[in-house]
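Q: Coordinates for the following, if possible.
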Amino acid sequence: MSDTITKIKVATIWIDGCSGCHMSFLDIDERILDLAPHIDMVYGPLVDLKEIPEGLDLVIVEGAVANEADLHHVLELRKKSKFMIALGDCAVSGNVPSMRNPIGQEACFERAYFENADTGQQIPTNGVPALLKNAIPVHQAVKVDLFIQGCPPPADAIFFVLSELVAGRVPDPTKVTRFGA
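A: Predicted coordinates:
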């Protein structure tokens, strides 16, 4: 028997959301030390890599898919991973980013960049990814294996899910969360 612990390769991404879900992830606090021997964080906002690595075991996605860059990222991450989690209400349901959907892009841009702008009233285009017609939950773009709801999701739920996954079990996060909690 080997004393070597096999680590799972984990990537996280924060697309169209507020980063509250990543803050909840960090709210695991010292319990993260229990997970550290089992997890290798290889990509995400806390890791300084530009290219998405191959052979990911787990991807955690925060935020809705709202623009072409978001869509590109989730498609590439799904292709390179075995298991994907939609983390938080924006990723699960579209939540706040999808509030623009009923009024359409033109009205949204008009309000944001003209009606509410003090100076420089123009729609930014240089270096800004094109918006999709609608902001959508992650599962409408790619296959999602597990959903953890909450705005933000509780740190206890995130810890429970990660603990179960590193133990080789697929968790049921509804045991530790409820919609809107």
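Q: Helices along the protein, start to end?
A: Assigned by DSSP state H, the helices in the chain fall at 20-26, 32-35, 68-79, 89-93, 104-110, 155-166.
Q: Mind putting those into CSV with mean neighbour count and distance to Val144?
A: Every C-beta, even on glycine, is put in place using the N, C-alpha and C of the backbone. Converted to CSV, those look like this (neighbours: other C-beta atoms under 10 Å; distance: least, C-beta to C-beta, whole Å):
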stretch, mean neighbour count, distance to Val144
helix 20-26, 20, 14
helix 32-35, 13, 21
helix 68-79, 17, 9
helix 89-93, 26, 8
helix 104-110, 13, 25
helix 155-166, 20, 13
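Q: which one of these lies closest to Val128?
A: Closest approach to Val128 among the helices of the chain (C-beta to C-beta): helix 68-79, 9.2 Å.
Q: quick revisit: mind putting the helices of the chain into TSV with distance to Gln121 and mean pLDDT?
A: Shown next, in TSV, are the helices of the chain (distance: least, C-beta to C-beta, whole Å; pLDDT from 0 to 100):
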stretch	distance to Gln121	mean pLDDT
helix 20-26	30	93
helix 32-35	45	91
helix 68-79	24	97
helix 89-93	28	97
helix 104-110	10	89
helix 155-166	41	94
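Q: which residue sits closest to Asp27 in space, ignoring its chain neighbours?
A: Excluding the flanking residues, the one nearest Asp27 by C-beta to C-beta, 6 or more residues apart in numbering is Ala155, at 3.7 Å.
Q: thinking that neighbour is in contact with Ser24, fair?
A: Yes: with contact defined as C-beta atoms under 8 Å, Ala155 counts as touching Ser24 (5.0 Å).
Q: and of the helices of the chain, who's closest to Ile60?
A: Nearest of the helices of the chain to Ile60, taken as C-beta to C-beta: helix 20-26 at 7.6 Å.
Q: list the helices and strands that closest one packs on?
A: Judged by 3 or more C-beta pairs under 8 Å, 6 or more residues apart in numbering; DSSP states H and E, helix 20-26 is in contact with strand 8-14, strand 56-62, helix 155-166.
Q: Turn these into JSON lines, columns for distance to Gly104.
A: Formatted as JSON lines, the helices and strands packed on helix 20-26 follow (distance: least, C-beta to C-beta, whole Å):
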{"stretch": "strand 8-14", "distance to Gly104": "25"}
{"stretch": "strand 56-62", "distance to Gly104": "25"}
{"stretch": "helix 155-166", "distance to Gly104": "35"}
